[in-house]
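Asker: Quick one, what's the 3D model for this:
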Amino acid sequence: MTHPFRQVRFGRADTELTRRADGSILMRSPEPLGSYPDRLTERLVHWASAAPDRTFIAQRDAAGGWQKVSYRDALHGVRAVGQALLDRRLSVDRPVAILSDNDADHALLALAAQHVGVPSAAISPAYALVSSDFGKLRHVLDMLRPGLVFAADGAKFARALAAAMPADAELVVGANPPADRPATLFGDLRATMPTAAVEAAHGRVGPDSIAKFLFTSGSTGMPKGVINTQRMLCSNQQMILQSLPVFGEEPPVFIDWLPWNHTFGGNHNVGITLYNGGSLYIDDGKPVPALIERTVRNLREVAPTVYFNVPKGFEMLLPYLRAERALRETFFSRLKMIFYAGAALPQHVWSALEEIAVDTIGERIPIISGLGATETAPFALCANWPVDRSGVIGLPVPGQELKLVPNGEKLEVRVRGPNVTPGYWRMPEVSAGAFDDEGYYMMGDAAAFIDPAQPGRGLLFDGRISEDFKLTSGTWVSVGPLRGRFIAHFAPYVRDVVIAGHDRDELGALVFIDVENCRGLCPDLPPGSHVAAIVGDPRVRAQFEVMLADFARQATGSANRIGRLILVDELPSLDVGEVTDKGSINQRAVLGHRKAMVEDLYAARPSGRVLSANTRIVHVA
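Answerer: Okay, the predicted model is just below:
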């Protein structure tokens, strides 16, 4: 904590605050939002002229080398594919649907569609490759009614295409056309000769043109199609640049796996790259045991200027950074900032990153985050200054208006600005219900002041309004912060936790274990053992029982004391909505789907799977 931070120029970080008689609080940055383009691909045109040979997108080829697409080549490809889309008379009513992980063809197709005014929708590969019933994929395609569906690998997506693809849509594949239906190769679109119609169509694209649809699972029901306009994307990039001017000081270099069907990867990270003339190396790894080695290999070769990840990604990198001096020297060599999103970064991971940085370069790297949503493109609040703990979401960025509304014992977050969606595609009633009578989008999140006497010090994330509940005593339980403390306390053995206790006397928990770390507690189990075998192992149960008792001793009252838990013996289900395609847990869906497990938690004589902070619990024989 005594070592200095690496010097990074942050934007202005202060706020104007108005308190209303009804208890609501209005906040905004005193810095006005600067000008921004009418359409995002204006930046592609600019960089293709200003830095034509600079790498825009790079990905591994079959031989393992980096296949690079320059800004010049990207613009040529966008114009060619744009012409192909115009030839097919695609439109808002017949958009492009993309079934693909991140790759160069995906990027060119999405940008080409934007360039000529055809919306696209990158659809979560999980809906096609993880789901067993393709229900969410069918729902999304029925809502979109696409005129063209792109699948990077026709064979890989063949079952999903057969089950859900509209009969009147054209199928385009990067490779391996399926045997059961006609398909066009993406290379044929790339080979199209652009005409003056491309630039004419580009000229008709304006701030209110729909650039893309992003489907978000939300807390209940089927995915909703969030409308993303050109104004949203462009204004949000200007907000980011003013808050974090480091992106404009030198061309940023990213190595990034975050999926483009989500706003963090597809809007935030791709957008920063394009807006500022940077280079995005597509990481073909992910923070899961089978793929983390790929991420490490890529980081050995590519030194990022800023590194984005989710908390689990940083946690899984730590053993490699500790073990390999050369890896951490490359990783920290030009790193200006670490940015996490998706969940709070556990404090032990935070501290470890700082310790490794100090050991490697003698400085700490600023670790920051903020608050946003698919509906806000996503950047809305940011802690654009060095902080020393997780959960700080900062202040509203330039151009963003924030309203904090009393809701029970919390302050509910609502935002308004040019980066906010006009609504959900073909869901007018849902759209109307997402905004208050002043046009503020109701995010469903809560925030709390770091210091109520000094609001300029910023805000903390205070959980989701919809997740909170009362015990029978009338005590409010703030689920979000409690979940964060639970996961930090039980690290590294917990992947996620669902808090139970609505209208009960005490809190309970359904725990989804971190399989690999728990397997380390019972190394003699056969490789590939089912989750049930791991959670049933006496060594794992003993570890959790000790940690639960310690967690209970640290509690300050019934609102944060968890008396019992169950180690869930199967992974959460995407098809029933327990887990979103982002991998995050849907609290309400898990509690609803696993009612019998919740009842067991609170039974007078629970089954043997229930672990208790009270060792005198009597189990069913």
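Asker: State the next helix or strand along the chain beyond the lengthiest strand in the chain.
Answerer: Taking DSSP state E as the assignment, the strand of the chain that covers the most residues is strand 441-449. Using DSSP states H and E, the helix or strand that directly follows strand 441-449 along the chain is strand 459-464.
Asker: how distant is that next one from the center of its chain?
Answerer: For strand 459-464, the gap between its own C-alpha mean and the chain's C-alpha mean amounts to 17 Å (Cα atoms, centre = their mean, to the nearest Å).
Asker: which residues touch that strand?
Answerer: With contacts defined as Cβ atoms under 8 Å, 6 or more residues apart in numbering, strand 459-464 is touched by 219, 344, 371, 381, 391-395, 410-411, 444-450, 478-481, 483, 587. Backbone N, C-alpha and C define where each C-beta goes, glycine included.
Asker: List the buried residues for stretch 28-44?
Answerer: Buried residues in stretch 28-44, counting neighbours by 16 or more other Cβ atoms under 10 Å, are found at 28, 29, 31, 33, 36, 37, 39, 40, 41, 42, 43, 44.
Asker: typo on my end, it should be stretch 416-435
Answerer: Within stretch 416-435, the residues that qualify as buried by neighbour count (16+ other Cβ under 10 Å) are 416-425, 427, 431, 434-435.
Asker: Same check on stretch 243-254?
Answerer: Counting neighbours by 16+ other Cβ under 10 Å, one finds that the buried residues in stretch 243-254 are 243, 244, 246, 247, 248, 251, 252, 253, 254.
Asker: can you list contacts of it?
Answerer: Outside stretch 243-254, the residues within contact range by Cβ under 8 Å, 6+ apart are 8-11, 51, 54, 240-241, 269, 272-273, 275-281, 302-308, 334, 336-337, 379, 382, 384, 397-398.
Asker: For that stretch, the averaged confidence score.
Answerer: Confidence over stretch 243-254 (mean pLDDT, whole number) is 97.
Asker: who touches residue 95 in this structure?
Answerer: With contact set as Cβ under 8 Å, 6+ apart, residue 95 has these partners: 113, 118, 119, 120, 121, 144, 145, 146, 147, 213.
Asker: Residue ranges in the stretch 101-250 of the chain under the pLDDT threshold?
Answerer: 218-221 (pLDDT under 70).
Asker: Let me see the ranges of the strands in it.
Answerer: Per DSSP state E, counting those that start in this stretch, the stretch 101-250 of the chain has strands spanning 120-123, 148-153, 170-175, 184-185, 210-216, 224-229. These are given in chain order.
Asker: mind checking which of the ones you listed is nearest residue 197?
Answerer: Residue 197 sits nearest to strand 148-153 of all the strands of the stretch 101-250 of the chain, at 17.3 Å, using Cβ to Cβ.
Asker: Please list the residues outside the closest one that contact it.
Answerer: Judged by Cβ under 8 Å, 6+ apart, the contacts made with strand 148-153 from elsewhere in the structure are 85, 88, 90, 94, 96-101, 103, 105-106, 109, 141, 157, 161, 165-166, 169-176, 186.
Asker: Going through those residues, which ones are buried?
Answerer: Buried subset of the contacts of strand 148-153 (neighbour count, 16+ other Cβ under 10 Å): 85, 88, 90, 94, 96-101, 103, 105-106, 109, 141, 157, 161, 165, 169-174, 186.
Asker: Mind checking which of the residues you listed land in helices?
Answerer: 85, 105, 106, 109, 141, 161, 186 (DSSP state H).
Asker: out of everything not next to it in sequence, what's closest to the third one?
Answerer: Leaving out its chain neighbours, the residue that sits closest to residue 106 by Cβ to Cβ, 6 or more residues apart in numbering is residue 100, at 4.5 Å.
Asker: now do the first one
Answerer: Closest residue in space to residue 85, ignoring its immediate chain neighbours: residue 118 at 5.2 Å, by Cβ to Cβ, 6+ apart.
Asker: List the residues that contact that neighbour.
Answerer: Taking Cβ under 8 Å, 6+ apart as the criterion, residue 118 is in contact with 85, 90, 91, 92, 95, 96.
Asker: Identify the farthest-apart pair in those.
Answerer: Every pair of the contacts of residue 118 checked by Cβ to Cβ; the farthest is 85 and 92, at 12.4 Å.
Asker: Quickly find the element holding residue 511.
Answerer: Taking DSSP H and E as the criterion, residue 511 maps to strand 507-513.
Asker: who touches that strand?
Answerer: Under the contact criterion Cβ under 8 Å, 6+ apart, strand 507-513 has outside partners 471, 477, 482, 486, 490, 493-501, 531, 534-535, 540, 544, 558-568, 571-572, 585, 590-591, 594, 597-598, 601-602.
Asker: make it 6 Å
Answerer: Counting contacts by Cβ atoms under 6 Å, 6 or more residues apart in numbering, the residues outside strand 507-513 that touch it are 494-501, 562, 564-568, 601.
Asker: still on that earlier bit, right, and the strands of the stretch 101-250 of the chain - which one's nearest residue 612?
Answerer: For the strands of the stretch 101-250 of the chain, the distance to residue 612 is smallest for strand 210-216, at 37.3 Å, taking Cβ to Cβ.
Asker: between the closest one and strand 224-229, how many degrees?
Answerer: Here strand 210-216 runs at an angle of 150 degrees relative to strand 224-229 (axes from the mean of the first three to the mean of the last three Cα atoms, to 10 degrees).
Asker: Remind me what strand 210-216 packs against, helices and strands.
Answerer: Packing contacts for strand 210-216, counted by 3 or more Cβ pairs under 6 Å, 6 or more residues apart in numbering; DSSP states H and E, involve strand 224-229.
Asker: thinking in terms of the whole chain, how far from its middle is stretch 73-93?
Answerer: Taking Cα atoms, centre = their mean, the mean C-alpha location of stretch 73-93 is offset from the chain mean by 28 Å.
Asker: Could you give me the buried positions within that stretch?
Answerer: Under 16+ other Cβ under 10 Å, the buried positions of stretch 73-93 are 73-86, 88, 90.
Asker: List just the nearest of the residues you listed to residue 580.
Answerer: Each of the buried residues of stretch 73-93 was checked against residue 580 using Cβ to Cβ; the closest is residue 90, at 28.8 Å.
Asker: wait, isn't that closest one in contact with residue 144?
Answerer: No - with contact defined as Cβ atoms under 6 Å, residue 90 does not reach residue 144; the gap is 11.6 Å.
Asker: Residue 395 pairs with what?
Answerer: When bridges are assigned using DSSP bridges, the partners listed for residue 395 are residue 382.
Asker: Next, count neighbours for it.
Answerer: Applying other Cβ atoms under 10 Å, we find 26 other residues in the vicinity of residue 395.
Asker: For the helix or strand just after the strand holding residue 511, list the C-alpha coordinates in CSV.
Answerer: Counting by DSSP H and E, the element after strand 507-513 in chain order, helix or strand, is helix 515-519. What follows is helix 515-519, C-alpha atoms only, in CSV (Å, rounded to 0.1, in the frame of the first residue of the first chain):
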residue,chain,number,x,y,z
VAL,A,515,-15.1,-27.5,-8.9
GLU,A,516,-11.3,-27.4,-9.5
ASN,A,517,-10.4,-25.9,-6.1
CYS,A,518,-12.7,-28.2,-4.2
ARG,A,519,-11.3,-31.1,-6.1
